[in-house]
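**Q** show me how the following folds:
(one chain, ligands or ions: 1)
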Amino acid sequence: MDSPTAVRVRGLAKRYPDGTLALDGVDLDVAAGECVALLGPNGAGKTTTLEVLEGHRSRDGGEVSVLGEDPATAGLAWRARLGIVLQEATDAGDLSVREAVRHFSVYHRDSRDPEEVIALVGLEDAARHRVRTLSGGQRRRLDVALGILGRPELLFLDEPTTGFDPEARRRSWDLVRGVRAEGTTIVLTTHYLEEAAALADRVAVLVGGRVVETATPRELGGASRRGATVRWTEGGVPRSERTDRPTEVVRGLLARPELLVEGEVPGLEVHRPTLEDAYLALVDGVSGR
Ligand SMILES: Nc1ncnc2c1ncn2[C@@H]1O[C@H](COP(=O)(O)OP(=O)(O)OP(=O)(O)O)[C@@H](O)[C@H]1O
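**A** You can find the predicted model right below:
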């Protein structure tokens, strides 16, 4: 890896007091300036991993280095370099949005201007509203505002857009991209594959407390991503063919005049495996379903 490492995790293990083995040897590297998405089914260990990296959760084994320090022993100066957006919304019920952002800005030595942050997350029109009256999406944007207030070097986002409508999700992607463009390293978790594809340089797939594959969104799944499926209908009957040369298959179909309706191949589709296809194949393969 060329850039300095922001996060280095080797053999991270965590068992909860009730006996649940949440992490069973997680390995993960995140380069400075990189955006990495942790993917995985419910209960795979994404949040637990983030919590250990943030210094909020103890571990039972493994080596963890975050911005050059071990989160288990790092102090306040280290913590000030992190931005954290947890799954639960920030508790600031009786304050207005503006009051909440100003209130939390005081904790940072080099805080961004609260008004600038409010504008950045698109909450200008809600700046005077009480936090408890905000919609779920607005709450989440406030959480992100508080997460980036202190100009963090490393930002953790746990499911930043869960419950967002599609437009709000896209706006929040722009926001995350903007933060990243400023050089902030980002580790996020998400259940939205298109979100991972839109934001992450690399995705790490966790299943059963282990990282089973790390790759760029384009390359995840390796060989299973190559090739395509051509679908069409023939006399009303659906047909399909898997191929590495879809253009050739389509050319073959066009060469059969009896198949064409007004010059078109009925129901023609060329499907290339998506990140979601690769992810599902990986998760199903590992969990043996
Ligand atoms: N405080 C806790 N006490 C006991 N078990 C826990 C605790 N928190 C999480 N677990 C368990 O640890 C495992 C990993 O949970 P974790 O929340 O890290 O997964 P996740 O990948 O973030 O899941 P989700 O996608 O549902 O948020 C699960 O089996 C979960 O039930």
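**Q** list the buried residues in the biggest helix by length in the chain.
**A** The helix that spans the most residues within the chain, counting by DSSP state H, is helix 166-181. Neighbour-count burial for helix 166-181, counted by 16 or more other C-beta atoms under 10 Å, picks out 168-169, 171-173, 175-176, 179-180. From N, CA and C alone the C-beta is placed, and that goes for glycine too.
**Q** quick one: mean pLDDT for it?
**A** The average pLDDT within helix 166-181 is 88.
**Q** the next helix or strand along the chain from that helix pairs with which strands, and in what direction?
**A** Following helix 166-181 in sequence order, the next helix or strand is strand 185-189 (DSSP states H and E). Under the criterion DSSP bridges, strand 185-189 sits next to strand 35-39 (parallel), strand 154-158 (parallel) in its sheet.
**Q** how about a markdown table for those strands, with mean pLDDT, distance to Asp24 and mean neighbour count added?
**A** Below are the strands paired with strand 185-189 laid out as a markdown table (pLDDT from 0 to 100; distance: least, C-beta to C-beta, whole Å; neighbours: other C-beta atoms under 10 Å):
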| stretch | mean pLDDT | distance to Asp24 | mean neighbour count |
| --- | --- | --- | --- |
| strand 35-39 | 98 | 15 | 25 |
| strand 154-158 | 95 | 20 | 24 |
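**Q** just put the ones you listed in CSV and tack on distance to the ligand.
**A** CSV is the format used below for the strands paired with strand 185-189 (distance: least, C-beta to the nearest ligand atom, whole Å):
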stretch, distance to the ligand
strand 35-39, 8
strand 154-158, 8
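**Q** near Thr73, how many other residues are there?
**A** 8 (other C-beta atoms under 10 Å).
**Q** all the helices of the stretch 51-200 of the chain, residue numbers only.
**A** With DSSP state H, counting those that start in this stretch applied, the stretch 51-200 of the chain shows helices at 76-79, 97-105, 114-120, 136-148, 166-181, 193-199, listed in chain order.
**Q** how about JSON lines for these, with distance to the ligand added?
**A** Shown next, in JSON lines, are the helices of the stretch 51-200 of the chain (distance: least, C-beta to the nearest ligand atom, whole Å):
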{"stretch": "helix 76-79", "distance to the ligand": "21"}
{"stretch": "helix 97-105", "distance to the ligand": "25"}
{"stretch": "helix 114-120", "distance to the ligand": "27"}
{"stretch": "helix 136-148", "distance to the ligand": "15"}
{"stretch": "helix 166-181", "distance to the ligand": "17"}
{"stretch": "helix 193-199", "distance to the ligand": "13"}
